[in-house]
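*Asks:* What would the 3D arrangement of this be:
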Amino acid sequence: MLIQAHNLTSSPIYRLQNPIISRPLGVNVSQLNGVLKTRFGRNKRWGMTVSASVEQSSSTNLEKKRKVVEHICLLKAKVDLSEEEENNMLDYLYTTQYQMGGILSISLGRISNRNDENYTHAVYMRFQRKEELEKFYEKPFYLGVLKEHVSPYCHGLLNLDYESEVEDDILPIFRKGEEFNNGVEFVLLISFVDDAIGAIEDALASLQSLTIGFPSLIAQSTQGRNFNLKTKEYTHAMVIRFRSPEALEIFEGSSEYKDMWRTKFEPIIRRTLSVHFLVDPIGTELM
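*Replies:* Have a look, this model is predicted:
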């Protein structure tokens, strides 16, 4: 079966992609001052995102933040979902941005990692304010898309919403430019124990600080507390745009991430779920 992954920066005419469930590392990476060395011996400097780079931004710019509202929707597609049905479902979800106001950014696609809850597809959207997200949920057009083009193909749906901050500049707000033309969306959902408020804040701050410390791997990350009252399975969520599948593997395999997760998160987590999906580079087929 083929996959699709869409991003707001891409053309409305997108290509079908081959699924990448486990992809071997295409690069031999050593992280030195934001430089990645490829297996061909050439050094490649990844562009720095405005929201993650310390080198390119002044302290004044780093202090200017804009609140945004992040929306995550996870789907469980039927086992016998055909390629045509999958394309139809993703196409209609993707084109909601052209039919409704308030959507600053959107990306979606088939989840490429196995997860315990068997979610198969993910949708990520960014809104400017909570009011626009509330209107989105009630729009007849969106309700029609769910009824006619999603529900017939899926037997499960999970929505989470949280408020976060990004740098107050057009590129990071709308997730536009070369920084966001391709990569991997990583979605982390967490349910913390009730009596660990201080430890929760410390753990989340440590994770946010760690993502900022990997500008060569990460284009942008946001996190926040879930305010969707209909979803109580998870209390917090985080979305990280990695620059490539290799970047995600390097980050998850780093001693910094492993040590932080073991010491800060594991003692206070009730349950967690992580999924990721590829974002299609414009006009490029992922092999």
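*Asks:* Quick one: residues contacting residue 133.
*Replies:* Contact analysis of residue 133 by CB atoms under 8 Å, 6 or more residues apart in numbering lists 69, 71, 102, 127, 161. For glycine as for every other residue, the C-beta is placed from the backbone atoms N, C-alpha and C.
*Asks:* These in strands, which ones?
*Replies:* Using DSSP state E, the subset of the contacts of residue 133 located in strands is 69, 71, 127, 161.
*Asks:* of the residues you listed, closest to residue 244?
*Replies:* Using CB to CB, residue 71 is the member of the ones in strands among the contacts of residue 133 that lies nearest residue 244, at 24.5 Å.
*Asks:* is it true that the closest one touches residue 161?
*Replies:* Yes. Using CB atoms under 8 Å, residue 71 is in contact with residue 161, at 5.3 Å.
*Asks:* more crowded one of these two?
*Replies:* residue 161 (24 against 21; other CB atoms under 10 Å).
*Asks:* Without its sequence neighbours, what residue ends up closest to the more buried one?
*Replies:* Leaving aside its sequence neighbours, residue 161 sits nearest to residue 228 (CB to CB, 6 or more residues apart in numbering; 4.5 Å).
*Asks:* How is the one you found assigned, secondary-structure-wise?
*Replies:* Under DSSP: H, G, I helix; E, B strand; the rest coil, residue 228 falls in the coil class.
*Asks:* Let me see the backbone angles for it.
*Replies:* Per-residue torsions, residue 228: phi -80, psi 110 (degrees, to the nearest 10).
*Asks:* quick one: contacts for it?
*Replies:* Taking CB under 8 Å, 6+ apart, one finds 159, 160, 161 in contact with residue 228.
*Asks:* one step back: can you lay out the contacts of residue 133 as CSV showing distance to residue 168 and pLDDT?
*Replies:* Shown next, in CSV, are these (distance: CB to CB, whole Å; pLDDT from 0 to 100):
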residue, distance to residue 168, pLDDT
69, 15, 98
71, 20, 98
102, 18, 90
127, 16, 97
161, 21, 98
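*Asks:* Quick check, residue 106 in contact with residue 98.
*Replies:* No. Assessed by CB under 8 Å, residue 106 is found out of contact with residue 98, at 10.0 Å.
*Asks:* Tell me which stretches of the stretch 51-200 of the chain form helices.
*Replies:* Secondary structure of the stretch 51-200 of the chain by DSSP state H, counting those that start in this stretch: the helices cover 59-63, 83-94, 96-99, 130-138, 140-145, 170-174, 197-212.
*Asks:* Least confident of these, on average?
*Replies:* Mean pLDDT is lowest for helix 59-63 among these, at a mean of 49.
*Asks:* Any idea which residue is closest to the centre of this structure?
*Replies:* Central residue of the chain (CA atoms, centre = their mean): residue 185, 3.4 Å from the mean position.
*Asks:* Per-residue confidence, that residue, what does it come out as?
*Replies:* 98.
*Asks:* What residues are bridge-paired with it?
*Replies:* Beta bridges link residue 185 to residue 241, residue 277, judged by DSSP bridges.
*Asks:* what about the stretch 1-150 of the chain, any weak spots by pLDDT?
*Replies:* For the stretch 1-150 of the chain, the stretches with pLDDT under 70 are 1-63.
*Asks:* swap in the stretch 151-287 of the chain?
*Replies:* In the predicted model, the stretch 151-287 of the chain carries pLDDT under 70 at residues 280-287.
*Asks:* now the strands for it?
*Replies:* For the stretch 151-287 of the chain, the strands defined by DSSP state E, counting those that start in this stretch cover 154-167, 183-192, 218-225, 236-242, 269-279.
*Asks:* The fourth one versus strand 183-192: what angle between them?
*Replies:* Compare the direction of strand 236-242 with that of strand 183-192 by axes from the mean of the first three to the mean of the last three CA atoms, to 10 degrees and you get 160 degrees.
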